[in-house]
Every structure is written in structure tokens, then in C-alpha cells.
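K.L.:
What shape does this take:
(chains A and B)
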2 protein chains.
Amino acid sequence: MGQKPITFLRQVTALCLYPELLNDNKFPDDAKQKAMRILQACGGNSIGSYSASQGIEIIRQDVAKYIETRDGGIRSNPDDIYLSTGASDSIVTMLKLLVAGQGNARTGVMIPIPQYPLYSAALAELGAVQVNYYLDEENCWALDITELRRALEEARKHCNPKVLCIINPGNPTGQVQSRKCIEDVIRFAAEENLFLMADEVYQDNVYAKGCAFHSFKKVLFEMGPKYSDVVELASFHSTSKGFMGECGFRGGYMEVVNMDPAVKQQLTKLVSVRLCPPVPGQALLDVVVNPPQPGDPSYKEFIAEKQAVLGNLAEKARLTEEILNQAPGIQCNPVQGAMYSFPRIEMPERAIKLAQAEGQAPDMFFCMKLLEETGICVVPGSGFGQREGTHHFRMTILPPTEKLKILLERLKDFHQKFVQEYS
Amino acid sequence: MGQKPITFLRQVTALCLYPELLNDNKFPDDAKQKAMRILQACGGNSIGSYSASQGIEIIRQDVAKYIETRDGGIRSNPDDIYLSTGASDSIVTMLKLLVAGQGNARTGVMIPIPQYPLYSAALAELGAVQVNYYLDEENCWALDITELRRALEEARKHCNPKVLCIINPGNPTGQVQSRKCIEDVIRFAAEENLFLMADEVYQDNVYAKGCAFHSFKKVLFEMGPKYSDVVELASFHSTSKGFMGECGFRGGYMEVVNMDPAVKQQLTKLVSVRLCPPVPGQALLDVVVNPPQPGDPSYKEFIAEKQAVLGNLAEKARLTEEILNQAPGIQCNPVQGAMYSFPRIEMPERAIKLAQAEGQAPDMFFCMKLLEETGICVVPGSGFGQREGTHHFRMTILPPTEKLKILLERLKDFHQKFVQEYS
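P.N.:
Okay, the predicted model is just below:
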């Protein structure tokens, strides 16, 4: 999508891979120092060695410090950090750990609708019961506690709901949860004895004025021991999002809070089956959580590149909302964060009927026509879940600004033509 | 363990990570060409992009060509190749795909004893039935069809055995299967309608005179269409073993043969949940399967480094067997291949009773005493499985030769002392 890798991330990881380059004066000293520190923590000073299954210890320490800084000093314990093969890996691992039982005692896992399909796929794979709670589209995809309660009560009739998954900032819906909403969710989890899984991989991707990322961990601890002593939480982060966008490295971490030591032992055992997360990804993560500081040779370039990526994404988030909402039959909530918009589209009756005749979801029918006629590929809302009778698509805001503008204009025109053609 | 990374592997991957280096004249041209070819196959020419879930297409093509060359021209289809996050990943994925049913209809999976504990762990996790077949220690850990048949018939009383796992060369037992034995196994699998999982990650690690690696795929196709049209097979390989030893990259591939297209579609869906294997590991794998050729600038150094590693391992395999067999109470089969020896040790009655009193397996008791008194860490045989009443440990042959000699001498002396002390 034209987004350039951050130079410093690539310098440090290349130095780790090929330490001969430590003698090369083309690499800045701070990159060399970081690489040497990582290599010293690797078995035989090589990134090709297996690491501990939970991840390299100094990297877990760096992650813990990063979380403490992010959360205004609230303590993070390196023993509670598990490095991972991207966030998907640790999300699936955590679900595996939590899902049990048979029949009506089967574990229910509450997930938002619309959701990122990793959740539905993993739950199907594990034979868990997927418990849907609907985000409030009229209210910028906010999470509504009344709806959470309805979903939970309904689910208790046929399964044992034990886990509540939150995606904040939202994927595919792009909302950023307010602090108050997070407090409400934590209170709800405490009352109902639910394990909280907070998918916070878009924590660096917040664009809208008045919005800020609040980590579940921070809010939990600021609510005092009544909550911070009891609520069990796992939070997930990744090197694939943010300003990094290094998806191919498959790096990430999870922090677990208040987990029973006996359960944690099982978690450690579970992750050991796959030996260790990819070490190049661990090294990259270390640079993300322990970046150049003011005064370091690479600081200025690093910050400039980081801000350019994030500033650019903010501009594209704004553009996407603005242009899509110009179309009469498209309604697009503000893209407050993450990397997607999930606009609602008007679907003429005849298009719906034609789709049904072809055995297709109506928004799939729309997306296929769009692809065929314009070459634009977006994902039907039905793949993420949506309220019965509504239709959406998900698109990323990632293409370069000039391309994105053209794409949005074409999409808008196509929708108009589509509505006319099938009305 | 002192094994140096192969220069060319690290050069190409470092170039992929930091393409600025493509202008650096310290890198040989063939490394640059390989890196450019890999980058051109990556989304946005960046190793930081997600790849297809099955792996980058040209790398799958290179793997297929590598297999064809290895197997004397027998066709390999890139569509049957799935790149992976190390072999463990694809082994677990394949088991997940194959395991089903409840109660007496639960899938049984036949595994060798002693085994690599990934198998028992994955089967426990999936709730599959582990069906043990014992390797023949008296016959250099050979696989015995009579024993396979016994295990299968026994298992059919309480589960539905559908999968037969083979580890060749053996881990932890270091045997290399003869061609005849592989033919027998294939005939058995065809008769009994078993899916063959061939763990061939040590295929480059064969040391003993008269031994050679025969891939299950090659033998299957050379047995003619009566077998090659029907037997379903998955074979696993990894960048963590061989001459590469690049465990930290988590690279590998699996080839599936004769898989039903509808099942294969499910397999592709299953791997897509975790998005893609780490791209640096995919790049590394590409260099392994598509190495420098005679005449290329890096050829000589590459071959010299590769042969040094393999020659060294062969020498250490021989040393290990030789020195351990000098001890009166230790019996060690030849280390024909892989990276381990699995010697049998005499355990005095009193040591066995003391161990039992402490709730420990007797060989765990021995290993702990060894660790405490000498600092040498080996793994008790009970972790891999062994015939009732026998005791073993597993040790790698990886330490540098001079260290390995000292270690083996100390181990030998310690065992002698141990036997005296507890007799």
C-alpha cells in the first residue's frame, strides 16, 4: 500500500541477522547498540537459536517497561508477558486455554458484531459457543452494556459464558472506546465473572479529535483493588499495525493480569509445544517497545517517519469518512481509529433478490459487481457479521492518499449506478 | 552450541530485511540476485507484508523443484506445498485436520515410542487417542511391521486409528530407515487405509556408512500406481535442522500428496486463520531449497560451510556412540542420523526405589543427580516413552567436539559412580 518501512526497525533487525554489519559505518551507533544488546540475549548470540517459549527475557522486560510508561507507571511484570507469532497466535492460544466443557456447559465466548473473523474461526475450530453482542451503529459503533447484558443472559440458557472479547480500537468498525465505556465493561466483567480478552492491536492508531486510547489494564488498576484484584485480563498487541506495519515478521505480545498461577503454568506449557515465536519478530518488537530516545543518533529520523505514517493515516481516515458520506446511499461512521471503515450501504430490493437467487449474501453480490466493474476489492459486511437486514462492506484506509481519493470517488459513483440499475 | 550460521543464508535474509544493502559492494552478486527475486515476490516488495497463507508462490515453486531434484524427478506440485512456522506448526495443523469423532470413534494416531514429545502434546491437546508402536531397540531402533500391526489391532478395540506418524531419521533415537522398511510401511498404510505423516526434518542429517535418506514420497511413487494413486501422505521439513540450524526463524514446509481436494480446501482455510508464516523464515527457506550453484560467486564458501557442519556432526555422532559404549552400564545404538543419541542405562534397584519414593521416574532421578553433580543436562527417556522397565536419556550430539568429548567422559564416569553408589 506504499507505506515505507521504518528505517531504524529494519537497520536493527538486519544487524541482528548479519552481525558482520556491526563493523559497517553506514549503520548508526544506536542501531548497533540495540542489535548487540538483543544478540547478547540470544542463545549463542545468534538470532537463529530457539528462544525461551515465552520469549527472550530482556525483550519481555522491555515490553513490561513500555507498558508501564504507556499506563502512567502501573506495574507490569515481565513474567506476565508472552511474546507471540503475531496477535492472532496469542488470541487463539488464550481461547484454547479458556474453552472447555460439553453441551450446555460448553464455554461461551462473547464477541462484538461486527467482529474480526479470527474470532469466529477460532471459536468454530475449538468448538466453543460464539455469543454475539452487537455494537451500536447509530452511536458510532459504541459498545452498549445493555446489549452485553442481553447477550449474556440469552447465552446462559444454552452455554457457560466465561470470556468477553473486546476489540479496541475496533476492527472492522474503527471506533475508539471511551474511558467511561471501558469502566462499564470492567464492572460488568467483575459482576459476571468473565475473563476479559482485550484486543488492543490498534492502540497506536487513534485519529479522531477527542478520542484517546485507554488500555484496559490502566483503567482496571485505576478503578482500585475492588476490580484490579479480581478481574482476569489478557491484552494483545502486534508489530503488524501501529506505525510499524511489519505484518510479515509475525511479532507481538500478550500481557496476562490476575491469572491463577496454576492456569498460567498450563499457558506456559501450551506455548512451549510450538517451541518459540520467530526470533526476528521478537527483535523487531524490542525496537518498537524500546525506540530511539531524544539525543540518540536515529531519534529525529525515527520520529519523523513514525509521525509521517500516523499523520498520513489520520488524513486518510478523515478523507474516507468525508467522501463516502457524500454518496446518498452510503452512511459511514467516523474512522476514529484502526485502519478500516465499515460503511453501511443501501441495497435495492431487486439486488437483494438477485443475490439470494444466486445463493449469495446481498453485500457479497455488491462487492463482486464492484470488483468486476471497477477492479476495487472490498470485503462484504456479512463476513464480519451485521444486524439482520443491514448491509456493509469493509475497506482499509491504507492506499496512498491520491489513490484512495480516486478509489473512494469511483466507489461512490459505482454505488449510485448500482442503486439506479437495481431499483 | 558453537555452530556458525551459514554466511549465504544470513546475507540474503539481511538484504531482504534492509534493501539499502543491495547497493553495498560487500555483498556478493548472487546473494543480491536471490534477495531481489524474493523481494519482487513480496507484497510491495517488502518482507514486512503479509504473504499468502500458504506461503509466497515462487518459494513454493522453488520447494517443489527442490523436492523433484531430491526425488530423482518425481513430480512435485507447488499447490501441494504449504510453507509453515517451523515443522511443529504444520504437524499440529495436519493433526488438527485429521482428528475427529467421539468415544470409540475418536481418531487414533499411531506414533513411535520413543517419540518426539510434540506428538504426545499435540494429541493430548486435540483429545486424540495416542496409539503407541515400539521401535526395536535391539535392532538399532528399527520400525517393525509386526509391532505396527499389533498396535493397530489393539487400538481398533477402543478408537478409530486413521493416522500413522513416522519420524525418519529418528528423534530421539537417531535411526535411519531402510528403503525396504519404508516400502513395508507404505504397504501397511495402503492395506489399513492410514494417512501417513512423515516427519523428515532430519533428511540432511545422515551420517552412518550404508545409510541413506529415502523420502516416503519417492519410495511411494517408485512402488507404482497401486500405491502412489491411493496412499495419502504429508511430509514435513524445517530450516531448524540439517546444516542450517536456523531454529529462531521458524521456517519450514509441508508437502501433501493424494489429499482429497475438498479436504485440502479445509486445510488452506485452517492455515489462513493465522494469516501467514513468518516471511523472514520463508526467505531463508528459499535459500535452503535454492542454494548457490557451481560457478556462482558464493558457491565455494557455501559448500565448504555446509560440508564442515555436516562433517562435524558425523564425527560427533561416531564419537558419541564410541565413548558411551565404553561404559559398562550404558548401551548406545549407532547414531545413524538426526542429532541425538538415546542410550540405555543400567539403573540399580536401590536408585529405582529411591526415585519412586520421591515420586520421580528413575531416569529423571538419574538425570537430576547428573545435573547436580556434573552440570551436564540431558533429558530422561521417560519424557519420550520407552519400554516398561528400561531406562534411557536423550542427549544431543551438538556441543563442539572438544567439549563433547569431555562431556561424554564425565557422563561415563558419573554413571559408573552412580551404579556403585546405589548398588
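
K.L.:
Closest residue of the stretch 251-400 of chain A to chain B?
P.N.:
A:Val279 (3.3 Å; CB to the nearest CB). Heads up, the C-betas are built off the backbone N, CA and C, glycines and all.

K.L.:
Which residue comes closest to that residue once chain neighbours are left out?
P.N.:
B:Gly248 (3.3 Å; CB to CB, 6 or more residues apart in numbering or on different chains).

K.L.:
Tell me who's in contact with the one you found.
P.N.:
A:42, A:46-51, A:276, A:278-280 (CB atoms under 8 Å, 6 or more residues apart in numbering or on different chains).

K.L.:
how about a cut-off of 6 Å?
P.N.:
Taking CB atoms under 6 Å, 6 or more residues apart in numbering or on different chains, we find B:Gly248 in contact with A:47-49, A:279.

K.L.:
cool, A:Ala234 as well?
P.N.:
If you count contacts by CB under 6 Å, 6+ apart, then A:Ala234 has A:94, A:197, A:254, A:256 around it.

K.L.:
Could you rerun that using 10 Å?
P.N.:
A:80, A:82, A:90-91, A:93-95, A:97-98, A:163, A:165, A:195-199, A:216-217, A:254-259, A:267 (CB atoms under 10 Å, 6 or more residues apart in numbering or on different chains).

K.L.:
again with A:Tyr299
P.N.:
A:Tyr299 touches A:8, A:28, A:30, A:291-293, counting by CB under 10 Å, 6+ apart.

K.L.:
before we move on, what about A:Lys316?
P.N.:
Taking CB under 10 Å, 6+ apart, one finds A:207, A:335, A:339, A:341, A:396-401, A:404-405, A:408 in contact with A:Lys316.

K.L.:
Report whether it is found in a helix, as I expect.
P.N.:
Yes. When classified by DSSP: H, G, I helix; E, B strand; the rest coil, A:Lys316 is found to be part of a helix.

K.L.:
Now the phi/psi pair for A:Ala142, please.
P.N.:
phi -70, psi 160 (degrees, to the nearest 10).

K.L.:
Could you give the bridge partners of it?
P.N.:
Following DSSP bridges, A:Ala142 is listed with bridge partners A:Asp136.

K.L.:
before we move on, back to that, keep only those of the contacts of A:Ala234 that are also close to chain B.
P.N.:
Among these, the residues within reach of chain B (CB under 10 Å from any CB of the partner chain) are A:Ile91.

K.L.:
quick one on the thing from earlier: with the contacts of B:Gly248 in mind, which one is nearest to chain B?
P.N.:
A:Val279 (3.3 Å).

K.L.:
Let me know the distance separating the residue nearest to A:Val279 from A:Pro334.
P.N.:
42 Å (CB to CB, to the nearest Å).

K.L.:
Same question for A:Thr85.
P.N.:
33 Å.

K.L.:
what about these two, which has more around it?
P.N.:
Neighbours per residue, other CB atoms under 10 Å in any protein chain shown: of A:Thr85 and A:Pro334, the larger number sits with A:Thr85, 28 against 21.

K.L.:
what sits against the more buried one?
P.N.:
A:92-93, A:249-252, A:271, A:274, A:276-278, A:281-282, B:85-86, B:89, B:250, B:274-275, B:277-278 are the contacts of A:Thr85 under CB under 10 Å, 6+ apart.

K.L.:
and those, which are buried?
P.N.:
Among those, those buried by neighbour count (16 or more other CB atoms under 10 Å in any protein chain shown) are A:92-93, A:249-252, A:271, A:274, A:276-278, A:281-282, B:85-86, B:89, B:250, B:274-275, B:277-278.

K.L.:
what's near enough to touch A:Val12?
P.N.:
With CB under 10 Å, 6+ apart, A:Val12 has these contacts: A:27-28, A:30-38, A:283-284, A:286-287, A:290, A:292, A:298, B:17-18.

K.L.:
ok but it is inside a helix, no?
P.N.:
Yes. Under three-state DSSP, A:Val12 falls within a helix.

K.L.:
I'd like to know how far it sits from B:Val230.
P.N.:
A:Val12 is 51 Å from B:Val230, by CB to CB.

K.L.:
ditto for A:Asp136
P.N.:
From A:Asp136 to B:Val230 the distance is 56 Å (CB to CB).

K.L.:
now do A:Asn325
P.N.:
Counting by CB to CB - A:Asn325 and B:Val230 are separated by 59 Å.

K.L.:
And those two? Which one has more around it.
P.N.:
A:Asn325 (15 against 12).

K.L.:
Contacts only, for that one.
P.N.:
Taking CB under 10 Å, 6+ apart as the test, what A:Asn325 contacts is A:331-334, A:343, A:412.

K.L.:
8 Å instead?
P.N.:
A:331-332.

K.L.:
So which residues of chain A form strands?
P.N.:
Using DSSP state E, the strands found in chain A span residues A:81-84, A:107-113, A:129-134, A:160-167, A:195-199, A:233-238, A:252-257, A:330-331, A:340-341, A:344-345, A:379-380, A:393-396.

K.L.:
can you redo those strands as TSV with distance to B:Ala212 and mean pLDDT?
P.N.:
Shown next, in TSV, are those (distance: least, CB to CB, whole Å; pLDDT from 0 to 100):
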stretch	distance to B:Ala212	mean pLDDT
strand A:81-84	40	98
strand A:107-113	50	97
strand A:129-134	51	97
strand A:160-167	52	97
strand A:195-199	50	98
strand A:233-238	44	98
strand A:252-257	42	98
strand A:330-331	65	94
strand A:340-341	54	95
strand A:344-345	63	95
strand A:379-380	50	96
strand A:393-396	51	95
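
K.L.:
Determine the number of other residues adjacent to the residue nearest to A:Pro280 when sequence neighbours are not counted.
P.N.:
In this structure, A:Pro280 finds its nearest non-sequential neighbour in B:Pro280, 4.5 Å apart by CB to CB, 6+ apart. Neighbour count for B:Pro280, taken as other CB under 10 Å: 31.

K.L.:
okay, B:Pro280: pLDDT?
P.N.:
For B:Pro280, the model assigns a pLDDT of 97.

K.L.:
Ok, A:Asn325 next?
P.N.:
Taking A:Asn325 on its own, its pLDDT is 93.

K.L.:
Could I get the phi/psi values of it?
P.N.:
Per degrees, to the nearest 10, the backbone of A:Asn325 is at phi -70, psi -10.

K.L.:
residues touching A:Pro334, list them.
P.N.:
A:140, A:174, A:208, A:317, A:321.

K.L.:
Done for today, thanks.
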